[in-house]
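Novice: I'll drop the sequence and a predicted model, then ask my questions.
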Amino acid sequence: MKLIENGHVIADRYVRVADDEALPEGAPVLVSADRLLREGAELARRGAPVGVVWPNNRRIEAIEPYLDQLALIALVFPTFRDGRAYSQARLLRERFDWQGPLRATGNVLRDQFLYMSRAGFDQLEATKDADADAYVDELKSYTAFYQPTGDGRPTILRARLGRVAEAPAQAEAAE
Amino acid sequence: MYAYDEFDRTLLAERVTEFRGQVGRRLSGALTEDEFKPLRLMNGVYLQLHAYMLRVAIPYGTLSADQLRRMAYVARTYDRGYGHFTTRQNIQFNWIKLEELPEAMAALAEVGVHGIQTSGNCIRNVTTDQWSAATPEEVDDPRIWAEILRQYSTMHPEFSYLPRKFKIAITAADHDRAAIKVHDVGLRLHRNAAGELGFEVLVGGGLGRTPFIGKKIKDFLPVRHLLSYIEAVMRVYNQFGRRDNIYKARIKILVHEIGAEAFSAEVEKEWESIRDGALQLDDAVIADIRSRFIYPKFEKLADNPPELVEALQDERFATWYRSSIARHKVPGYAILTVSLKPVGLPPGDATADQMDVIADLAERYAFREIRVGHEQNLCLPHVAQRDLPALWRALDAAGLATPNVNLVSDIIACPGLDYCALANARAIPVAQDIARRFADLDRARGIGRLHVNISGCINACGHHHVGHIGILGVEKNGQEFYQITIGGRADEQAQLGTLLGPAVSYEEVPDLIERIVDAYLELRTNPRELFVDTVARLGTEPFKERVYEAH
């Protein structure tokens, strides 16, 4: 399994720690949402980075009080057909202004890379290595997008208006 | 017509390239069938009983002559010489080979036609009134808003893997030809007291195995908020719609389980946060979309020109005229419905040759425009009344002038067991048998408006719940049986039909329908009382007695 960040394969520094396991001293850890909610204060006092794996059937709003102490948020696609984490990702980025790394985990396949990127994921835990190698091609497969998300890509609607009004930069900035 | 620009064309070309790659990876084994299935579905490709099927979108039911001609080409080149128009403003090709699919798609893409999001758990083709921009009844052209939604929903990154499919329909007329009350979201465009345009929003309607009439969650949504409000609805559904059971995954179940009020409250809360953001439609955006619709340059003509008055002396023409022609908003023009229900043939099918004929006629007489309605008929929305005699002769010669629009033989039917992998029973042959039984059009006219809808399984693609007479095929011990409901309707007074009695065998269906019709003829107060009104007045009991008692 390869971890991609903005098109590059990177090493995963985070250690996934089970709920009943002791936290390894000094290492970045990835804990469950349950553990975060239960041991939040304790985790905040820790010297090393803490990330959370937030399940897709728990309201994302509940993460808000913990955002300042988190170094990474991982969302979950139990299967690529289950799209709940796309909404969670957009809410994190666009509503709660989460600027840190946002990782897609689970059944993460190349045919969904672009959608994940548009929803705000910047780290993808690719299920298949060959898919990870195709990341750059996959993200180039489309150059035009109809609808705005928080990803900053220009959209067709505004581009058309830009053409009409001859002020594309301004129109795009409005998004 | 909506004219695609370079952005629309670029996106379509990129989609064809992407799908070509996905087919290649499927054939090489890099993609498993499980992984490939949702991808092909979102391009309209189904694996059916006998072959792959390609479902192509006809956004808001509008086609150009060139587009219809290209569909004829695809039918002739890659299929068996015909196509099937569905109840959701799509056309299906039933016999396409997987390896030829990218070719067929590329041919369609050249004229701006595609199968994007005609299947899969995403926002499907947005449907509307086939009489848009032609009927005097509407407050605005609903296709403007359908096009805005089409663009918004196409490849939406957040809403392409929803719990289940999602269907939106729009009407801008009080008389609803788009069946908005039986859609996941139904939108009724109207004006408020101040004269502003806005939508009444219904949510959670639908047919299938658990039918519901949509519930109103908003009286008046100003049009500029259309996209933000829909995004709020979709976001609530995407997060909280059930995913544990495919049969409970539609939004109607969520709305039913938590209640329309709680659902609406969730939507409002979400909407508050986004309503003034990037999705707000300012006047310039709306004007830009509106400017891409090209309207006919109508001549100044008078109603009832001499050519028409003279032709009406001919009984055959007059009969067709009464059945197929509706009032246009411009004097001297008419709306022409082309029946795809010739007696004895599959409802909604058109041969490649027929498509070419209609495309030619549209080019010559109808500003190059063709429409598709949910009743599975075609329509020429703008024709001069003086041209009707010539149009009729040409349509008649091509087998396209059956004067049965809205009559008992104008049947909606799904493909059923003849094509569909989900079906439990045949639907097309049942429709054919009933149409033959009422082939005498004088008799059919005496019966009046009567919608018979047939589905070959509980997924209800034939909309049986909302047929004046609904017929549902089920399987019992390896045999086809049919349940009959009466009193359903899909219009602004939409309601679900009531079960009439025990299911009957395939052979018994035409007799049973005939007895229902006879009962109606006996029970109606006068010939102007429609079948569905008689059922509304008397309930099902008197029908039940008459239909089942003697047998």
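Specialist: Happy to help now that I have it.

Novice: how about B:Phe220, secondary structure?
Specialist: strand (DSSP: H, G, I helix; E, B strand; the rest coil).

Novice: Please name the nearest non-neighbouring residue to it.
Specialist: Spatial nearest neighbour of B:Phe220, excluding adjacent residues (Cβ to Cβ, 6 or more residues apart in numbering or on different chains): B:Gly198 at 4.3 Å. Bear in mind the C-beta positions are built from the backbone N, C-alpha and C, glycine included.

Novice: in the sheet, who's paired with the one you found?
Specialist: Beta bridges link B:Gly198 to B:His190, B:Pro222 when assigned by DSSP bridges.

Novice: and residue 16, how many neighbours does it have?
Specialist: If you meant another chain, say so; for now it's chain A. Here the count is done by other Cβ atoms under 10 Å in any protein chain shown, and A:Arg16 has 14 residues near it.

Novice: my bad, the chain I had in mind was chain B
Specialist: 21.

Novice: Paired strands for the helix or strand encompassing A:Ile4, with orientation please.
Specialist: Element membership for A:Ile4 (DSSP states H and E) is strand A:2-5. Here strand A:2-5 has these sheet partners by DSSP bridges: strand A:8-10 (antiparallel), strand A:123-126 (antiparallel).

Novice: can I get those in JSON lines with mean pLDDT, distance to B:Pro38 and mean neighbour count?
Specialist: Output for the strands paired with strand A:2-5, formatted as JSON lines (pLDDT from 0 to 100; distance: least, Cβ to Cβ, whole Å; neighbours: other Cβ atoms under 10 Å in any protein chain shown):
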{"stretch": "strand A:8-10", "mean pLDDT": "95", "distance to B:Pro38": "26", "mean neighbour count": "11"}
{"stretch": "strand A:123-126", "mean pLDDT": "98", "distance to B:Pro38": "18", "mean neighbour count": "22"}
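
Novice: could these be laid out in CSV, adding distance to B:Asp511?
Specialist: Formatted as CSV, those follow (distance: least, Cβ to Cβ, whole Å):
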stretch, distance to B:Asp511
strand A:8-10, 70
strand A:123-126, 61
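
Novice: how much space between the residue in chain B positioned nearest to chain A and B:Ile294?
Specialist: Per Cβ to the nearest Cβ, B:Tyr161 is where chain B lies closest to chain A, at 2.9 Å. According to Cβ to Cβ, to the nearest Å, B:Tyr161 and B:Ile294 sit 35 Å apart.

Novice: more crowded one of those two?
Specialist: Between B:Tyr161 and B:Ile294, counted using other Cβ under 10 Å, the more crowded position is B:Tyr161 (24 against 13).

Novice: Quick check: chain neighbours aside, which residue is closest to the more buried one?
Specialist: B:Tyr161 sits nearest to A:Gly83 (Cβ to Cβ, 6+ apart), 2.9 Å away.

Novice: And the contacts of the longest helix along chain B?
Specialist: Counting residues, the longest helix found in chain B (DSSP state H) is helix B:6-28. Residues outside helix B:6-28 that contact it (Cβ atoms under 8 Å, 6 or more residues apart in numbering or on different chains): A:111, A:141-144, A:146, A:156, A:159-160, B:4, B:31, B:33, B:36, B:39-40, B:43, B:98-99, B:101-102, B:105-106, B:109, B:112, B:114, B:116, B:154-155.

Novice: tell me the contacts of the residue of chain A found nearest chain B?
Specialist: Residue of chain A nearest chain B, by Cβ to the nearest Cβ: A:Gly83 (2.9 Å). By Cβ under 8 Å, 6+ apart, the contact set of A:Gly83 is A:77, B:121, B:158-162, B:238.

Novice: Narrow these to those that are buried.
Specialist: A:77, B:121, B:158-162, B:238 (16 or more other Cβ atoms under 10 Å in any protein chain shown).

Novice: Could you identify the most distant pair in these?
Specialist: A:Phe77 and B:Phe159 (14.8 Å; Cβ to Cβ).

Novice: picking up where we left off before, the residue nearest to B:Phe220 touches B:Pro222, doesn't it?
Specialist: Yes. Using Cβ atoms under 8 Å, B:Gly198 is in contact with B:Pro222, at 4.8 Å.

Novice: More neighbours: those two, which one.
Specialist: Shown here are B:Gly198 and B:Pro222; by other Cβ under 10 Å, B:Gly198 has more neighbours (21 against 15).

Novice: Next one: the more buried one from B:Tyr229, what distance?
Specialist: B:Gly198 is 10 Å from B:Tyr229, by Cβ to Cβ.

Novice: hey, what's in contact with both of those two?
Specialist: B:Leu221.

Novice: list the contacts for the nearest residue to B:Arg124 once chain neighbours are set aside?
Specialist: Leaving aside its chain neighbours, B:Arg124 sits nearest to B:Lys167 (5.0 Å; criterion: Cβ to Cβ, 6+ apart). Applying Cβ under 8 Å, 6+ apart to B:Lys167 gives the contacts B:88, B:124, B:127, B:183-185, B:206.
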